[in-house]
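J.: 3D, please:
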Amino acid sequence: MGCVSTTAHVGESQVLGIIPTALAEGNFEGKTVGEELQVPTLQNRIWKMFDNSDAFIALPGGIGTLEEIFQIAS
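T.: Residues are numbered from 1 along each chain as shown. All right, here's what the predicted structure looks like:
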């Protein structure tokens, strides 16, 4: 995801990184390009992504990626 967001940012597209506060306090804080929005929970992250996106692309991931796909599709 970092490569995709960096490329979009370099191409002058708007990039918004939405991250749960618990993860932001670890090694991820400040490593996003563009704007970073912290939310309290993963569920809030999914709804913020839905509210702020025009389209979705699912990159290979794990169970969390599947959950996000099903949440957005429903």
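J.: tell me the pLDDT of residue 29.
T.: Residue 29 carries a pLDDT score of 56 in this model.
J.: next: residue 32.
T.: On the pLDDT scale, residue 32 is placed at 71.
J.: check the one 5 residues further on too.
T.: The per-residue pLDDT reported for residue 37 equals 90.
J.: helix, strand, or coil at it?
T.: Look at residue 37: counting by DSSP: H, G, I helix; E, B strand; the rest coil, its state is strand.
J.: what about the residue lying closest to it once chain neighbours are set aside, which helix or strand?
T.: Once flanking residues are discounted, residue 37 sits nearest to residue 18: 4.9 Å by Cβ to Cβ, 6 or more residues apart in numbering. For the C-beta atoms, the positions are set from N, CA and C on the backbone; glycine is no exception. Using DSSP states H and E, the element containing residue 18 is strand 16-20.
J.: give me the mean pLDDT for the helix or strand following that strand.
T.: Counting by DSSP H and E, the element after strand 16-20 in chain order, helix or strand, is helix 21-23. Average pLDDT, helix 21-23: 84.
J.: other SSEs contacting helix 21-23?
T.: Judged by 3 or more Cβ pairs under 8 Å, 6 or more residues apart in numbering; DSSP states H and E, helix 21-23 is in contact with no other helix or strand.
J.: buried ones in stretch 59-69, by neighbour count?
T.: Judged by neighbour count (16 or more other Cβ atoms under 10 Å), stretch 59-69 contains these buried residues: residue 68.
J.: avg pLDDT for it?
T.: Mean per-residue pLDDT for stretch 59-69: 86.
J.: for residue 69, what are its contacts?
T.: Listed by Cβ atoms under 8 Å, 6 or more residues apart in numbering, the contact partners of residue 69 are 56, 58.
J.: show me the helices in the protein, by range?
T.: Assigned by DSSP state H, the helices in the chain fall at 2-10, 21-23, 42-52, 63-73.
J.: of those helices, which is nearest residue 34?
T.: Nearest to residue 34, of all the helices of the chain, is helix 2-10, at 5.2 Å by Cβ to Cβ.
J.: pull the CA atoms of the closest one into PDB?
T.: C-alpha atoms of helix 2-10 as PDB (Å, rounded to 0.1, in the frame of the first residue of the first chain):
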ATOM      1  CA  GLY A   2       2.900   2.300   0.600                       C
ATOM      2  CA  CYS A   3       4.000   2.200  -3.000                       C
ATOM      3  CA  VAL A   4       0.500   2.900  -4.300                       C
ATOM      4  CA  SER A   5      -0.100   5.800  -1.900                       C
ATOM      5  CA  THR A   6       3.400   7.300  -2.600                       C
ATOM      6  CA  THR A   7       2.900   7.000  -6.400                       C
ATOM      7  CA  ALA A   8      -0.500   8.700  -6.100                       C
ATOM      8  CA  HIS A   9       0.900  11.400  -4.000                       C
ATOM      9  CA  VAL A  10       3.800  12.100  -6.400                       C
END
